[in-house]
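> coords please:
(3 chains)
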Amino acid sequence: MIVGERKPMEELLGMIEDFERILVLGCKGCVTVCCAGGPKEVKTLSTLIRMDRKQKGRKVITIEASTELQCEPESIRPILEKMANQYDVVLSMACGAGVQTVAKLFPDKLVLPALNTNFTGIAEEHGVWTEACLACGDCVLGRTAGICPVTLCAKGLLNGPCGGASEGKCEVSKDQPCAWQEIYHALKRLNRLHYLKQKPQVKDWPVHPGRVVREDLREVETT
Amino acid sequence: MSFRESLESGKFLVTAEVGPGKGTDVEHLLKAADIIKDRVDAINVTDLQSSVMRLGSMAFSHLLTDMGIDPIFQMTGRDRNRLALQSDLLSAWVLGIRNVLALTGDHPTMGDHPHAKPVFDLDSVSLLEMIGKLNSGYDMAGNELKGAPEFLPGAVVNPGADNEAALDLQIMKMEKKIEAGAKFFQTQAVYDIDLFEKFIRRVEGFKVPIIGGVILLKSAGMARFMNKNVAGVFVPIPLIKEMTDTKDKVKKSVEIAARIVKRLKNLCQGVHIMALGWEKMIPAVLDQAGI
Amino acid sequence: MDNFEPLIAVFSCHYCSYAAADLAGSSRIQYPPNIRIIKVPCTGRVSVNHILMALEDGSDGVYVAGCLKGTCHFIRGNYKAEKRVQYVKDLLSEINIEPERVQMYFMSAAEGTKFANVALEMTEAIKKIGHSPLNKSRS
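Next comes the predicted model:
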């Protein structure tokens, strides 16, 4: 999932300073799972905004809503269109992709990000998320026993470890295991240590922004 | 004799190391190099060692060539992408640099600019492959070069990896480096000779010269620091005790280093002495070791 | 300020503090009339938003009264409540509201006196902090 964190209130309150009618828009996708921008967090943030304004004696109207997937135009269009004249600004609690989808669909509305989008990651336990995928566009997990060296090796090395690990930990952090030692153990367990001997890899980095096209799915041109 | 000729002659090799500092002052380094120039086959010049911003390896390597010393230009993948690495190698060649040591490099968080963007576009293995390609007259993208270098590429290996997985991985990577063109290896500092011998037994079949690393122990404190902080370096307790018990630290340090060099003579093809500022002691170490 | 009578919401666990409140009542132990008890099946059910709603809707203080540590009927509910109370305190600090307005207490069903003492302690504490900035209109 995409993992995000709410921005500090001071920053958020500064962003919405000029506005009185705010649509706080959550997303029921990734950011619900990582407890950053789902319906619950929409309620929390809206309450905090109202409490802040009440203290300051300033008016505010918060509308609370959540889309199924804010990165998916079909899921946001009905909600935002229906209420278009009820809000002046959208405070999006989705990831950066969600925020940009809203901005693209509603070019006449200002959209503000309530979250900082951190990474594509997994839950280690409830309340702890770690980065797992850099979306490099050329997956090597099949050769590395499902442990990503591009993400989990601090140097993103593809041809084995550097010499910096000590006691199985990365030179960058004593809390981080050496990804290549983890790969070694996993491949050994799977009887696939020979995978380590494949010919050297050089990563061809993708050009950003990325774009994936499936012609078979695109709209058909007639006439 | 150039380093390549020494290597090909099969003689026991001696290399040393200088690390340019932060700033433009190079006088003391040139002096240190001058003291040892007649006793070594080549001098390594480090590339922003420990990720600390310093004077560059290429410029100082070039200064060494002016003194008639054959430098080993250390190059890491930490700070440059493949464009810069290839370009710097061509530049190094025209400046008279003939030997390159390809390294992955420490992570920037280890140094004094911890938030610098880490590059690592190429690692030590792909860096070696790229050097081979330049030598053959082409760049990484397959474009032909007008005038090709003829570098002697080398690499490093850490024989003191502290567990089986780490050691197996080091040896696998060493094989990859050989396939990618490494013509010699320099190692991390060796103190535990028995452990090093076990390592040598595993890799001697590769038939690539190994130059064993020796760091002059300056004090017991330094030994303890390395044990704690330098991956793959382990100074055995009796050696630390020798340093604690001695009255003359310099004399003891030279004696210990000479003892290690003597034993390495029977195990590998050379020694790489890292004096860390005590370069003037290197001749004494070599004398005592009978080299 | 002298005659400020705070309004305090108490999220009270069915298995302990709610029974303790009963015991205080049947034992004729006096406690301040400022508290409003909301009975919950377990303090683990109390969410961040519940506490915020109570504050937004006019409470000058809120506390959660769960079982003694190690005695939660649902094993961990009171520990979870404690962490959420801390989280709410941090949120309040972010919008410059005194985090002391929200507290966590632990007590057993047998502690009628403690229930009364906590009610008194919290009432006194909120009196010292003063009106909730969200509720200046109420006297």
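> In chain C, what residue comes closest to chain B?
Nearest residue of chain C to chain B: residue C:94, at 26.1 Å (C-beta to the nearest C-beta). Using the backbone N, CA and C atoms, a C-beta is placed for each residue, glycine as well.
> which residues does that residue contact?
Contacts here follow C-beta atoms under 8 Å, 6 or more residues apart in numbering or on different chains; on that basis residue C:94 touches A:8, A:9, A:10, A:48.
> how much space between the closest residue to the third one other than its chain neighbours and residue A:5?
The reference is to residue A:10. Distances taken as C-beta to C-beta, 6 or more residues apart in numbering or on different chains place residue C:94 nearest to residue A:10, at 7.0 Å, with adjacent residues excluded. Per C-beta to C-beta, to the nearest Å, residue C:94 is found 13 Å from residue A:5.
> Next: residue A:143.
Using C-beta to C-beta, one obtains 33 Å as the distance from residue A:143 to residue A:5.
> could you pull out the strands for the chain?
No chain in the question, so chain A it is. Listed in chain order, the strands of chain A (DSSP state E) span residues A:2-6, A:21-27, A:61-67, A:89-92, A:110-113, A:115-125, A:128-133.
> try again with chain C
C:8-13, C:35-40, C:61-66, C:102-106.
> Identify, out of these, the most deeply packed stretch.
Ranked by mean neighbour count under mean count of other C-beta atoms under 10 Å in any protein chain shown, the strands of chain C are led by strand C:61-66, which reaches a mean of 27.
> Who are the packing partners of that one?
strand C:8-13, helix C:17-26, helix C:48-56, helix C:77-94, strand C:102-106, helix C:112-129 (3 or more C-beta pairs under 8 Å, 6 or more residues apart in numbering or on different chains; DSSP states H and E).
> got these as TSV, with mean pLDDT and distance to residue A:111 columns?
Compiled in TSV, the helices and strands packed on strand C:61-66 are given as follows (pLDDT from 0 to 100; distance: least, C-beta to C-beta, whole Å):
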stretch	mean pLDDT	distance to residue A:111
strand C:8-13	98	36
helix C:17-26	96	45
helix C:48-56	97	24
helix C:77-94	98	22
strand C:102-106	98	33
helix C:112-129	97	38
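> For residue B:227, find the nearest of those.
Nearest to residue B:227 among the helices and strands packed on strand C:61-66 is helix C:77-94; the distance by C-beta to C-beta comes to 40.3 Å.
> buried set for that closest one?
Across helix C:77-94, burial judged by 16 or more other C-beta atoms under 10 Å in any protein chain shown covers C:77-82, C:84-85, C:88-89, C:91-92, C:94.
> What of stretch B:183-198?
B:183-193, B:195-197.
> now that stretch, how far from the centre of its chain.
Averaging C-alpha positions (C-alpha atoms, centre = their mean, to the nearest Å) puts stretch B:183-198 12 Å from its chain's average.
> And the buried residues of helix C:77-94, which is closest to chain A?
Looking across those and measuring by C-beta to the nearest C-beta, the closest to chain A is residue C:94, at 3.8 Å.
> Now, the buried residues of stretch B:183-198 that are in strands?
Counted as lying in strands by DSSP E, out of those, are B:185, B:186, B:187, B:188, B:189.
> Turn the residues you listed into JSON lines, including distance to residue B:224.
Converted to JSON lines, those look like this (distance: C-beta to C-beta, whole Å):
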{"residue": "B:185", "distance to residue B:224": "28"}
{"residue": "B:186", "distance to residue B:224": "24"}
{"residue": "B:187", "distance to residue B:224": "21"}
{"residue": "B:188", "distance to residue B:224": "17"}
{"residue": "B:189", "distance to residue B:224": "14"}
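> Could you let me know which of those residues ends up closest to residue A:161?
Nearest to residue A:161 among those is residue B:188, at 13.6 Å by C-beta to C-beta.
> For the chain, just list every one of the helices.
I'll assume chain A. A:9-16, A:30-33, A:39-56, A:73-82, A:96-105, A:149-152, A:179-189 (DSSP state H).
> Actually, chain B is the one I wanted.
Ranges of helices in chain B, per DSSP H, are B:3-9, B:27-36, B:57-66, B:82-94, B:124-135, B:164-179, B:193-203, B:220-229, B:237-245, B:249-265, B:282-289.
> circling back: filter the contacts of residue C:94 down to the buried ones, ChimeraX style.
Buried subset of the contacts of residue C:94, written as a ChimeraX selection, criterion 16+ other C-beta under 10 Å:
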select /A:9,48
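> In chain A, which residue sits closest to chain C?
residue A:9 (3.8 Å).
> on that earlier part again, distance to residue B:248 for the strands of chain C - can I get that in CSV?
Formatted as CSV, those follow (distance: least, C-beta to C-beta, whole Å):
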stretch, distance to residue B:248
strand C:8-13, 74
strand C:35-40, 76
strand C:61-66, 69
strand C:102-106, 65
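> among those strands, which is nearest residue B:284?
Proximity to residue B:284 (C-beta to C-beta) singles out strand C:102-106 among the strands of chain C, at 69.8 Å.
> Enumerate every residue touching the most centrally placed residue in chain C.
Centroid-nearest residue in chain C, with C-alpha atoms, centre = their mean: residue C:63, separated by 1.7 Å. For residue C:63, the residues meeting the contact criterion (C-beta under 8 Å, 6+ apart) are C:8, C:9, C:10, C:11, C:102, C:103, C:104, C:105, C:118, C:122.
> So in terms of bridging, what pairs with the second one?
In this entry, residue C:9 is beta-bridged to residue C:36, residue C:62, by DSSP bridges.
> Chain A contacts on chain C?
Contact residues (C-beta under 8 Å from any C-beta of the partner chain) of chain C with chain A: C:47-49, C:52-53, C:55-56, C:91, C:94-97, C:133-134.
> if you set the cut-off to 7 Å instead, what comes out?
Taking C-beta under 7 Å from any C-beta of the partner chain, the part of chain C that reaches chain A is made up of C:48, C:49, C:52, C:53, C:55, C:56, C:91, C:94, C:95, C:97, C:133, C:134.
> Around residue 211, count how many other residues there are.
I went with chain A, as the question did not name one. Residues contacting residue A:211 under the criterion other C-beta atoms under 10 Å in any protein chain shown number 7.
> Can you look at chain B instead?
For residue B:211, the neighbour count with other C-beta under 10 Å is 27.
> any idea how far it lies from residue A:172?
For residue B:211, the distance to residue A:172 (C-beta to C-beta) stands at 28 Å.
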